[in-house]
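Sequence plus predicted model, see below.
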Amino acid sequence: MTSAWLASDWPQELDLIGQVRHRVRNAYQNGSGSTGPLFPLLQLEKWPADDVGQRAWARFNGALDTLADTGEGFQRFFEARKRREKPNLFELFGFLHAMYVQSDCLKGMCHSLRMDCDPLGNPLVREVREIRNRLCGHLAYSDRASEHSSAMWNENDIEVEGFAVWIYSDGDTWSGSHEFKYSDLYSKHQKGLGSEFLIFEAELIERRRLGWTWDSLGKV
């Protein structure tokens with residue numbers, strides 16, 4: 001497998017998801033801002049004291065922390081590629097799974113704030129999740145379909161810039177050998193899920209403009 005892409009070409013600007021997370025955390029840290037009072041999303045005492053409110057707070061802030069952790073993982077993953085180090089299979093599984101987890105984070109944040117959003121409606125998000133489901137080394141029904149799929153890995157097919165893998169599938173679509181580049185997968189992830197995070201951020205900005213509170217969540 002050959003590619004002109006090098007990990008050193010990966011710009012920090014590609015982390016659109018991390019940028020949105022950073023802005024959300026900064027904007028809602030203290031519950032104040034230039035456009036007037038904000039709902040202080042990060043302050044537990046400002047959420048309803050009942051179980052629903054406390055679980056929502058934990059889900060929202062847990063997702064923010066998970067986004068930070070997975071973002072750091074991506075950075076370290078590409079730093080190792082810059083050093084021309086090949087990932088082992090465990091690291092590769094982590095790379096694939098971290099993209100999957102980040103889309104779950106957005107879904108959880110929306111649910112916490114009673115926002116009607118579904119990142120899985122984005123075709124690039126679905127594609128990356130489908131690839132993870134196909135490749136992570138266990139028999140799995142992918143994308144709620146009846147097609148059964150598993151993958152066979154060879155350490156020699158895992159290289160600095162990408163990897164090859166053989167997929168067994170009940171259907172004809174995925175059966176056979178496939179090659180993937182880390183840069184392509186990550187780019188699809190950022191373009192797909194990153195656009196969904198921008199939509200989420202825009203909704204937060206609009207709700208902030210309207211001065212929403214917990215009682216108005218889901219009613220804007």
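Right, received. Where do you want to start?

from here on, contacts and neighbour counts on C-alpha atoms
Will do.

I figured residue 176 was touching residue 168, is that so?
Yes - using C-alpha atoms under 8 Å, residue 176 makes contact with residue 168 at a distance of 6.7 Å.

Comparing the two, which residue is more hemmed in?
For residue 176 versus residue 168, the count of surrounding residues by other C-alpha atoms under 10 Å is larger for residue 168: 19 against 12.

Residues touching the strand or helix carrying that one, excluding its own?
Residue 168 belongs to strand 162-169 when elements are defined using DSSP states H and E. Residues outside strand 162-169 that contact it (C-alpha atoms under 8 Å, 6 or more residues apart in numbering): 1, 134-135, 147-154, 157-158, 174-182.

and that strand, how far out from the chain's middle?
On the basis of C-alpha atoms, centre = their mean, to the nearest Å, strand 162-169 sits 22 Å off its chain's mean C-alpha point.

taking the mean pLDDT, what do you get for it?
Averaged across strand 162-169, the pLDDT comes to 88.

same deal with stretch 121-138?
In the prediction, stretch 121-138 has an average pLDDT of 87.

Equivalent analysis for stretch 101-118, please.
90.

Now find how far off-centre that stretch is within its chain.
Distance of stretch 101-118 from the chain centroid (C-alpha atoms, centre = their mean) equals 11 Å.

so where's this protein uncertain?
Across the chain, the ranges flagged by pLDDT under 70 are 1-14, 29-46, 137-148, 170-172, 211-220.

where do the strands sit along it?
For the chain, the strands defined by DSSP state E occupy 140-141, 148-152, 162-169, 176-181.

thinking again about what came up before, just the buried subset of the contacts of strand 162-169, please.
Buried members of these, counted by 16 or more other C-alpha atoms under 10 Å: 134, 135, 149, 150, 151, 153, 158, 174, 181, 182.

Looking at the residues you listed, which is nearest residue 126?
residue 134 (12.2 Å; C-alpha to C-alpha).

Please tell me how far the closest one sits from residue 151.
7 Å (C-alpha to C-alpha, to the nearest Å).

Check residue 114 too.
Distance, residue 114 to residue 151, using C-alpha to C-alpha: 37 Å.

same thing with residue 135?
With the distance defined as C-alpha to C-alpha, residue 135 ends up 5 Å from residue 151.

how many neighbours does residue 169 have?
19.

scratch that, residue 103
By other C-alpha under 10 Å, neighbour count at residue 103 equals 25.

Contacts only, for the residue nearest to the spatial centre of the chain.
Taking C-alpha atoms, centre = their mean, the centroid of the chain lies closest to residue 102, which sits 2.3 Å from it. Residue 102 is in contact with 66, 67, 70, counting by C-alpha under 8 Å, 6+ apart.

Now do the closest residue to residue 112 other than its chain neighbours: how many residues are near it, please.
Distances taken as C-alpha to C-alpha, 6 or more residues apart in numbering place residue 56 nearest to residue 112, at 4.6 Å, with adjacent residues excluded. Neighbourhood size, residue 56 [other C-alpha under 10 Å]: 22.

Now do the contacts for residue 155.
Residue 155 makes contact with 88, 89 under the criterion C-alpha under 8 Å, 6+ apart.

again but with residue 64, I slipped
Per C-alpha under 8 Å, 6+ apart, neighbours of residue 64: 21, 25, 105.

which stretches of this structure form helices?
Using DSSP state H, the helices of the chain run over 16-27, 51-82, 89-112, 123-135, 182-209.
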